[in-house]
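Trainee: Sequence first, then the predicted structure, then my questions.
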Amino acid sequence: MANTYIILGSITFYLVILVQLTACYTITEGSNYYRYCSSGYYLRITYARWYCSNDSWTVTNLVNSKCNYNTACTLYATSSWLGGDPCPGVTTYLYWTDGCYSIWGNWGSWSCPGDCTTQTSYRYRACVKPNGGCGSAPAQNIACKRLGCASSSDISRTTPNALYYSLTTDCFVATGRTSVAFRVRASNVVYIALGSEDSSTSGTHYEILIGGWGDTRSTIRFSIGGTACVNQYSSRLSETYFDEFWFSWTGNYVRVGTGSSPGSNTFMSCYHSTPYTVNFIWIKTGTGTTGEWRFPNDVACTHLTNSYVSISTNNPSCNGVSTYACNSGYKQVAGNTQRTCGYGDTMSGYPLVCAVSTCNIDIVFIIEASYYTSSIYSSLMTVIGDLAGSLKVSTSAILAGVVTYDNIVDLEIELNDYYSASKLDSNISSLSIASASTSRNLVEALRVGFYDFFTMPKGNRFTAFRHYVLIAKTIPSSTGTTYANKFKLNPRNQFFTIGISPSASLTTELKAIAGDNSRYFQISTPDDLYPQFNTLLQKIAVCPAVTIVPVTVGCKLDIVFIAERYNLRFIKRFVAEFTDSITISSNGVRVGMVLFDSVGSTVFKLNTYTSSASVRNAIESISETAGSGHLVDKGLIQARDDVFTAAGGDRTDASNYYVFIVGPFASYPESVAKDIRSSGSNYVFAVHIGSSYQTNYQKAVDTCGDYTKYTHTSLYNDLVDIKDTVLQKITSCESVDITTPELDQCVFPQ
């Protein structure tokens, strides 16, 4: 009997018959018998006896050697062929049993290559003929992918029960595709659900069944378990090997076919007048069956690297983890050092942002919390929380807080409230609006940032840049540009703005506040900010190319600021701003401070603090309780008698600068000021706010009309405008010669 062939689909199965019919024979002495087998088989004698009535020999091995395991053999019942006669003179017989056996054994196992891509796998049959000589071995081949061999070009998935599994865990989605080719091995029905959402229970779905009803029918449905659009009756699953199929969704049609080329060998086509959105793919096999699936592994993420960033570990494959590091001399200020590749060419987290190692930034998010943002406030705070959560929050990198505003401004989160990005994120995200007004006081929100938020007692670091990030949806009644420009006079203050569906006038306002169009961002909804995170972070988390250089003072100066206890919010910031420009030390410039109302009081002396940072912190820590008077002379006397003393840190080789700050109130400091100036090394400077009583304060700095040490501004808000003017005056070096000029005798040029 020859091989039997069974053809199923495109695979040929060989049913191998290893033994043909066996038989037994007896021939009389002197006769012979011709025995033969079919091609591919050899004759094997299983038993042979050369015998007579009173004796016998077993000649099995002898006969096999004579026939030599050939396909055919003539057996002789002769003493010469059988090596003698067991019964001389008596009739002798040759009895034997034999069979025809295949010269080839069973098929060997299929073997898989190291990485199955387009390779073909082979298997062979071994020669089992006892004396060999079978010739070329039979071979079979099959594409290794139909065997299910491992392949880097494949996504492998097993569905062991009747539950749907999403392919998003393998980073494989329908978004961006119109067709998918795949392979599957299963003994019963396989299911594919094409969904609008990543869920098998919500959203819309097309459901494809292949090999259902005992592998007799396939169908396309309009929903999971729903109405069939089309049925096709045939067997589709081979069970032993992986079968190739494809499905597609284009226009109004969902189609299914065989093979690896979508569009060819279509066996189902479903028309849908209102086609569903297809974003996700779910798979399963029927109850009691196991499915093995292969989908193309064409998912890879794209690295997005910013300046000064290197890739340490490069693994952009699905679920692969890549690591990043800042270049030498730079540190992490935002983003993530480790990111995992997910579906849709998306990486977890955000691109690493690096800045120079010496860069520190404190950020205030100033957020409109009015009636007009109430409907989006929750989602807006979630997005801002996520943005803040992607920052490198620490005392050595970035700190951040939040101010919200409608008609009232609330300082929600201070810089020193949280030193963890995750805590900052969760607390920003949980902020809510108690009541929202239609009024928006943007000007006060900016002032809160400048005067109240960025203070050292609230966590502002002395050397940090101060970044204002304003998020607004509606134009306020009063422009904030004027104030932003005032605050930007100090280069540590940097502004960035985000408009949410802004009007043309708001867009203009926000661009003006930012001062640079590249610092303005525009979105329609809060979620629209996520794709812009990387660009935004490279702005707000990176120090500007600005160098803060203190004024060079070529002499020793002892300076005491003498401030009225009134509107201290503005005066404190005005004086504190000088610390960015003056290097304070024990052997260069020393600073003290006195407050006055109806009396004078010392805040700190010349030898209390020996650094600019400590002086600024002390100034910003002053209580803003208003006093009941405005007597400048009381402040001058307090400075002279308690601060400009040896115990207070006054030096004989340093000029003494009395710098008083007073508003539009009546006070008569001329007499005391004259007395102070009479020592020759004492100089009085006046900073006057308002238009009243100018003469009183001008005469305090000079009796004879030289009012260069007098500086005037109209409003407390405008003090920051004259800071540089005052700075230039109080850092100039005056004589320290001890003389007593004739102050009552003014000499005028002829």
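Mentor: Received it, and whenever you're ready, just let me know what you need. Numbers count the residues shown, from 1 in each chain.
Trainee: In the stretch 551-700 of the chain, mark out all the strands, start to finish.
Mentor: In the stretch 551-700 of the chain, the strands defined using DSSP state E, counting those that start in this stretch lie at 557-564, 589-596, 600-604, 655-662, 682-689.
Trainee: Nearest to residue 486, out of these?
Mentor: Closest approach to residue 486 among the strands of the stretch 551-700 of the chain (C-beta to C-beta): strand 682-689, 14.6 Å. Any C-beta I mention is one placed from the backbone N, CA and C, and that applies to glycine too.
Trainee: rewinding a little: adding mean pLDDT and distance to residue 643, write the strands of the stretch 551-700 of the chain out as TSV.
Mentor: Formatted as TSV, those follow (pLDDT from 0 to 100; distance: least, C-beta to C-beta, whole Å):
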stretch	mean pLDDT	distance to residue 643
strand 557-564	97	5
strand 589-596	98	4
strand 600-604	97	6
strand 655-662	97	9
strand 682-689	96	12
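Trainee: Quick one: closest of those strands to residue 131.
Mentor: Checked against C-beta to C-beta, the stretch from the strands of the stretch 551-700 of the chain lying closest is strand 589-596, at 110.6 Å.
Trainee: Include distance to residue 381 and mean neighbour count when you put the strands of the stretch 551-700 of the chain into JSON lines, please.
Mentor: Formatted as JSON lines, the strands of the stretch 551-700 of the chain follow (distance: least, C-beta to C-beta, whole Å; neighbours: other C-beta atoms under 10 Å):
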{"stretch": "strand 557-564", "distance to residue 381": "38", "mean neighbour count": "26"}
{"stretch": "strand 589-596", "distance to residue 381": "39", "mean neighbour count": "26"}
{"stretch": "strand 600-604", "distance to residue 381": "39", "mean neighbour count": "19"}
{"stretch": "strand 655-662", "distance to residue 381": "40", "mean neighbour count": "25"}
{"stretch": "strand 682-689", "distance to residue 381": "38", "mean neighbour count": "24"}
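Trainee: Look up the residues forming beta bridges with residue 96.
Mentor: Beta-bridge partners of residue 96, counted by DSSP bridges, are residue 25, residue 48.
Trainee: Below-threshold pLDDT in the chain: ranges please.
Mentor: The model of the chain has pLDDT under 70 over residues 1-21, 736-750.
Trainee: Show me the residue at the heart of it, geometrically.
Mentor: Centroid-nearest residue in the chain, with C-alpha atoms, centre = their mean: residue 349, separated by 1.6 Å.
Trainee: Give the burial count for the spatially closest residue to it that is not a sequence neighbour, as a bare number.
Mentor: Excluding its sequence neighbours, the residue lying closest to residue 349 (C-beta to C-beta, 6 or more residues apart in numbering) is residue 336, at 3.4 Å. For residue 336, the number of neighbouring residues by other C-beta atoms under 10 Å comes to 18.
Trainee: Likewise for residue 720?
Mentor: 22.
Trainee: give the contact list for it.
Mentor: Listed by C-beta atoms under 8 Å, 6 or more residues apart in numbering, the contact set of residue 720 reads 486, 487, 489, 490, 573, 574, 577.
Trainee: OK, contacts around the residue nearest to residue 349?
Mentor: Per C-beta under 8 Å, 6+ apart, neighbours of residue 336: 324, 348, 349, 350, 351, 352, 390.
Trainee: Next, format those residues as TSV and append distance to residue 730.
Mentor: Shown next, in TSV, are the contacts of residue 336 (distance: C-beta to C-beta, whole Å):
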residue	distance to residue 730
324	48
348	54
349	49
350	46
351	46
352	44
390	43
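Trainee: where does the closest residue to residue 713 other than its chain neighbours land in three-state SS?
Mentor: Leaving aside its sequence neighbours, residue 713 sits nearest to residue 722 (C-beta to C-beta, 6+ apart; 5.0 Å). In three-state terms, and counting by DSSP: H, G, I helix; E, B strand; the rest coil, residue 722 is helix.
Trainee: Is residue 638 in contact with residue 603, as I believe?
Mentor: No - between residue 638 and residue 603 there is no contact under C-beta atoms under 8 Å: 10.0 Å.
Trainee: Find residues that contact each of these two.
Mentor: In contact with both residue 638 and residue 603: residue 594, using C-beta under 8 Å, 6+ apart.
Trainee: in the stretch 151-300 of the chain, which spans are strands?
Mentor: 154-159, 165-166, 179-185, 190-195, 205-211, 217-221, 228-233, 243-250, 253-258, 266-271, 280-285, 291-296.
Trainee: So what are the sheet partners of the fourth one and their directions?
Mentor: Right, the one you point to is strand 190-195. Sheet pairing for strand 190-195, using DSSP bridges, gives strand 205-211 (antiparallel), strand 280-285 (antiparallel).
Trainee: Endpoints of stretch 179-191, how far apart?
Mentor: Length of stretch 179-191, first residue to last, C-alpha to C-alpha, to the nearest Å: 16 Å.
Trainee: Residue 404 belongs to a helix?
Mentor: No - with three-state DSSP as the criterion, residue 404 is located in strand rather than a helix.
Trainee: doesn't residue 369 make contact with it?
Mentor: Yes - with contact defined as C-beta under 8 Å, residue 404 reaches residue 369; the gap is 3.9 Å.
Trainee: Could you name every residue contacting both of those two?
Mentor: 410, 433.
Trainee: between those two, which one's more packed in?
Mentor: The residue with more neighbours, out of residue 404 and residue 369, is residue 369; 29 against 25, by other C-beta under 10 Å.
Trainee: and the gap between the more buried one and residue 607?
Mentor: In this view, residue 369 and residue 607 are 46 Å apart by C-beta to C-beta, to the nearest Å.
Trainee: Identify the residues contacting the residue nearest to residue 553 when sequence neighbours are not counted.
Mentor: Excluding the flanking residues, the one nearest residue 553 by C-beta to C-beta, 6+ apart is residue 731, at 5.0 Å. Residue 731 makes contact with 551, 553, 557, 581, 582, 589, according to C-beta under 8 Å, 6+ apart.
Trainee: For those residues, name the two members farthest from one another.
Mentor: Farthest pair in those, by C-beta to C-beta: 557 and 581, 13.1 Å.
Trainee: for the lengthiest helix in the chain, the distance to its chain's centre please.
Mentor: Looking across the chain with DSSP state H, the single longest helix is helix 377-389. Remark: helix 377-389 is offset 15 Å from the chain centroid, using C-alpha atoms, centre = their mean, to the nearest Å.
Trainee: And it, what's buried?
Mentor: Residues 377, 380, 381, 382, 383, 384, 385, 386, 387, 388, 389 are the ones in helix 377-389 that count as buried (16 or more other C-beta atoms under 10 Å).
Trainee: right, and the second one touches residue 370 too?
Mentor: By that I understand residue 380. No - the criterion here is C-beta under 8 Å, and residue 380 misses it with residue 370 at 11.7 Å.
Trainee: still on that earlier bit, any chance of TSV for the contacts of residue 720, columns neighbour count?
Mentor: Listed next are the contacts of residue 720 as TSV, based on neighbours: other C-beta atoms under 10 Å:
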residue	neighbour count
486	19
487	24
489	13
490	18
573	23
574	26
577	24
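Trainee: I appreciate the help and will end here.
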